[in-house]
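Novice: I'd like to go over a predicted model; first the sequence, then the structure.
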Amino acid sequence: MGAERHRRLMRFWDAVATVVLWLSALVLLFILAWFITSVLRQGLPGLSWQFITGKPHPVSAGGGIGPPLFNTFYVTLLSLILALPFGMGAGIYLALYARPGRRVDALRLGVQALASVPSIVLGLFGMVVFSQAMGFGFSILSGSLALAILNLPLIVNVTEQSLRDLPATYRDASLALGATPHQTLVRVLLPAALPALVNGLTLAAGRAAGETAVLVYTAGVSTSGHLFDLNPFAPGGTLAVYLWGIKANPIVPDWQQIANRSAAVLLLVVLAINGLLLGPVRLWYRRFSGRGPH
Amino acid sequence: MPETRTSDKTNDKISVTDLNAYYGNAHVLKNITVSFPGNAVSAVIGPSGCGKSTFIRTLNRMNDTIPGFRVSGQVTIDGEDIYAPGTDVVSLRKRVGMVFQRPNPFPMSIFDNVAYGPRLHGIRKRRELADIVEKSLQAAGLWDEVKDRLSYSALGLSGGQQQRLCIARCLAVEPEIILMDEPASALDPSATARLEDLIDSLKSWYTIIIVTHNMQQAARVSDLTAFFLNGELVEFGPTQRIFTRPSDRRTEDYITGRFG
C-alpha cells in the first residue's frame, strides 16, 4: 500500500516537472517571438533601400543609415579577424597542448578575469590606449581592437570547450595511425569541433555587431559620411551606436522612425550573420561526416 | 624454463628487456623481459590494473602523451630500439598499428575513415585510395557489408562493424605489428566471434599482440600467452602449455578462476 502510494506520488511529481520544464521552454520561445515581431512591426514599414544605403542627415528629416550600417559589418569583421588567431590559438593550446601547471592556471585565470570586465571599462581602456596613446583616434581600427579584446575570452572559451567536448578517442586513434599532433588537429579535431565552434563564434559576431559601450569611446559616434569607406582610420560609428546616439540626442525630427527602422535592420543583420556563418558550416559538415544517420 | 622467457632469437619481432614504467610515482611495469615472435598472435592476460594495457601501449609509445609517464629499459622492433633518442614516433606508429577497447571511428564516412592513414602518409590519388580502402575492408571482413555505402557515416555502423572498420583503418597504413587492447570488450558474442575469426586470418601477415581479460578468448586466438600480475610478467609461453600446465602457481590460480 505504502509502495503504491509512493509510486503514485512520484508519477505525479514527474508529470509536474514535465509541465514546468515544457512551460519554461514555451515562455522563452514566446518572449523571443514577441521581441522579434514587435521590433520588426515597428521597423519594417517605411524601410526602404534609400534608408538602408542613404547618408544620415545631421538636423533635417529623411536621413539614412548607410555608413553606420557599413561600419557595423566592417568593425565586426575586423574585430573577428584580429581576435580569432589569438583566441582560437589560446583555446587550442588550453584544450590540447597545455600540461597542467602554473602557467596554464595563470592563463585560464587571465581569460576569466578578462571575461568579467564590464564592456564600458574596456571601452575606456580602448580610448586611453588605442585612441589616445597609440594615436588611432576615434576610428574603425580603435573600435575593432577594443571589440577584439571584449570577444577574446569568449573565443578562447568556445574553442577550448568545443575541442574538449570531442571524444578523447579521436585523438588516440589519429596518433596511433601515425599522425602528428598537428595533423590530428587539422584533419580530425577541428573539423569535428567546427559546428560547435562556429555556433559559439556567431555569438561573438552577434555581440560585436550589437555592441555599443565598448565602441562609443573608441570607434566614436560619427562616420566619415560616405559609403564604403575602407580606411580603418575613418570614424567608426556603427549602427548600434548610431541607434543609441539618436535616442540619446533626438535632434532630427524623424528620430523615432529612424530608431525603429535601425533596430529592425540591426536585428536582421545579426540574424543574417548567424545564417551566413551557420548555413555553409552545416553543409560542409554534412560532407565531412558522411551521409546517413550518425 | 628457457621457453618461458625467450623463443628463437632470429624470429623475434619485438624484444623487451628490463622494461620499467611509471605514472608519476606509481611503478606500473616492473622489469619486464619478453620477446614476441613475428607472424603469430600473442595474448596478454591478467586481472584489471595489472599493467597489461600500459604494457602494449609502450610498444607504440602511445603512453608518451600521458603527463608524468616514464619508461626505462629497452624495447626493440626488428633490433631497433624504439626509445632511442631521435626515434621517429610517427613512423614507429605507422609500423605498429593499434586497435582500441571501444571502437573509435572518426565522425567521417566509411571511406574517409579507412583512407585517413594513407592520406596522412601522402597518398592523394583517388584511384589508389579506393584500391587501398577496398583491400583493407576486404581483409577486415567488412567489404561486403559496406561496399554500397562507403560514403555513409561510419557512426551509423553497428559496434562490431565499427571495430572491424577500425581494424581496416589500421591495416590501410600497412603496419607490421597490430596491437589490440581488449578489442572485443564492447562487442556482443556474435560480433566477438567474427572478430576472433578475423584475428586468426590476419596472423599470417601480421604480428599481433592482443590484450584480453577473457581467458577463453586468449586460449582461442593466441599462439603464445603472457600472464601479468601487479605490473610483473609472471609467465610467458605457448598458450596451450600456459593453460594446461602453468609453471607458476599464480598463473594457475588466475586461469582456474581463483582470483581476477
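Specialist: Okay, I see it. This is a predicted model, so every value here is computed, not measured.

Novice: use CA for all of it now, contacts and neighbours both
Specialist: Noted.

Novice: report the buried residues of stretch B:77-90.
Specialist: Neighbour-count burial for stretch B:77-90, with 16 or more other CA atoms under 10 Å in any protein chain shown as criterion, is recorded at B:Ile77, B:Asp81, B:Ile82, B:Tyr83, B:Val89, B:Val90.

Novice: for stretch A:163-182, same thing?
Specialist: Of all the residues in stretch A:163-182, those buried under the rule 16+ other CA under 10 Å are A:163-164, A:169-179, A:181.

Novice: quick check: which of those are also close to chain B?
Specialist: A:Thr169, A:Tyr170, A:Asp172, A:Ala173, A:Leu175, A:Ala176, A:Leu177, A:Gly178, A:Ala179 (CA under 8 Å from any CA of the partner chain).

Novice: what is the nearest of those residues to A:Pro280?
Specialist: For these, the closest approach to A:Pro280 (CA to CA) belongs to A:Tyr170, at 24.0 Å.

Novice: residue numbers of chain A in contact with chain B?
Specialist: Counting by CA under 8 Å from any CA, chain A sits next to chain B at A:99, A:169-170, A:172-173, A:175-180, A:183, A:188, A:192, A:288-294.

Novice: the same query, at a cut-off of 10 Å, please.
Specialist: A:97, A:99-100, A:167-181, A:183-184, A:187-189, A:191-192, A:285-294 (CA under 10 Å from any CA of the partner chain).

Novice: select from the residues you listed every entry located in helices.
Specialist: A:168-176, A:181, A:183-184, A:191-192, A:285-289 (DSSP state H).

Novice: ok so, going back, which of the buried residues of stretch B:77-90 come close to chain A?
Specialist: Restricting those to contacts with chain A (CA under 10 Å from any CA) yields B:Val89, B:Val90.

Novice: one step back: mind putting the buried residues of stretch A:163-182 in a markdown table, pLDDT included?
Specialist: As requested, the buried residues of stretch A:163-182 are exported to a markdown table (pLDDT from 0 to 100):
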| residue | pLDDT |
| --- | --- |
| A:Leu163 | 96 |
| A:Arg164 | 94 |
| A:Thr169 | 91 |
| A:Tyr170 | 94 |
| A:Arg171 | 93 |
| A:Asp172 | 93 |
| A:Ala173 | 95 |
| A:Ser174 | 96 |
| A:Leu175 | 95 |
| A:Ala176 | 95 |
| A:Leu177 | 96 |
| A:Gly178 | 93 |
| A:Ala179 | 94 |
| A:Pro181 | 92 |
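
Novice: pick the one among those closest to A:Arg7.
Specialist: A:Arg164 (39.6 Å).

Novice: CSV please, covering the buried residues of stretch B:77-90 and showing secondary structure.
Specialist: Shown next, in CSV, are those (DSSP: H, G, I helix; E, B strand; the rest coil):
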residue, secondary structure
B:Ile77, strand
B:Asp81, strand
B:Ile82, coil
B:Tyr83, coil
B:Val89, helix
B:Val90, helix
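
Novice: which one of the buried residues of stretch B:77-90 is nearest chain A?
Specialist: B:Val90 (4.6 Å; CA to the nearest CA).

Novice: name the nearest residue to the closest one, ignoring sequence neighbours.
Specialist: A:Gly178 (4.6 Å; CA to CA, 6 or more residues apart in numbering or on different chains).

Novice: that neighbour touches B:Gly122, doesn't it?
Specialist: No. Here A:Gly178 lies out of contact with B:Gly122, judged by CA atoms under 10 Å, at a distance of 11.9 Å.

Novice: so who does the residue nearest the centre of chain B touch?
Specialist: Centroid check for chain B by CA atoms, centre = their mean gives B:Leu179 as the closest residue, at 1.5 Å. B:Leu179 makes contacts with B:41-42, B:53, B:56-57, B:59-60, B:96-100, B:170, B:207-211, as judged by CA atoms under 10 Å, 6 or more residues apart in numbering or on different chains.

Novice: just B:Gly38 next, same as before
Specialist: B:10-14, B:78, B:176-177, B:203-208 are the contacts of B:Gly38 under CA under 10 Å, 6+ apart.

Novice: same thing but 6 Å
Specialist: B:Lys13, B:Thr207 (CA atoms under 6 Å, 6 or more residues apart in numbering or on different chains).

Novice: what about it, distance to B:Glu176?
Specialist: 9 Å (CA to CA, to the nearest Å).

Novice: what ranges does the chain have for its helices?
Specialist: I went with chain A, as the question did not name one. A:2-43, A:49-53, A:66-92, A:102-115, A:119-126, A:140-164, A:168-176, A:181-184, A:190-210, A:213-216, A:239-248, A:255-289.

Novice: chain B, not that one
Specialist: B:52-58, B:89-95, B:110-120, B:126-139, B:143-146, B:159-171, B:189-202, B:215-221, B:239-244, B:249-255.

Novice: now the stretch 101-250 of chain A against chain B: closest residue?
Specialist: A:Gly178 (4.6 Å).

Novice: please verify my assumption that that residue contacts B:Leu92.
Specialist: No. A:Gly178 is not in contact with B:Leu92 according to CA atoms under 6 Å; the separation is 7.4 Å.

Novice: domain-wise, how is chain A divided?
Specialist: A:1-43, A:52-289 (automatic domain parsing).

Novice: identify, out of these, the most deeply packed stretch.
Specialist: Across those, averaging neighbours per residue (mean count of other CA atoms under 10 Å in any protein chain shown) puts domain A:52-289 on top, at a mean of 20.

Novice: quick one: distance of it to the chain centre.
Specialist: Centroid separation for domain A:52-289 versus its chain: 5 Å, with CA atoms, centre = their mean, to the nearest Å.

Novice: can you read off the pLDDT for the closest residue to chain B within the stretch 1-150 of chain A?
Specialist: Residue of the stretch 1-150 of chain A nearest chain B, by CA to the nearest CA: A:Arg99 (7.1 Å). A:Arg99 carries a pLDDT score of 82 in this model.

Novice: can you count the residues close to the residue lying closest to it once chain neighbours are set aside?
Specialist: Nearest residue to A:Arg99 in three dimensions, chain neighbours excluded: B:Pro67, at 7.1 Å (CA to CA, 6+ apart). Neighbour count of B:Pro67, defined by other CA atoms under 10 Å in any protein chain shown: 11.

Novice: please apply the same query to A:Trp49.
Specialist: Count around A:Trp49 with other CA under 10 Å applied: 10.
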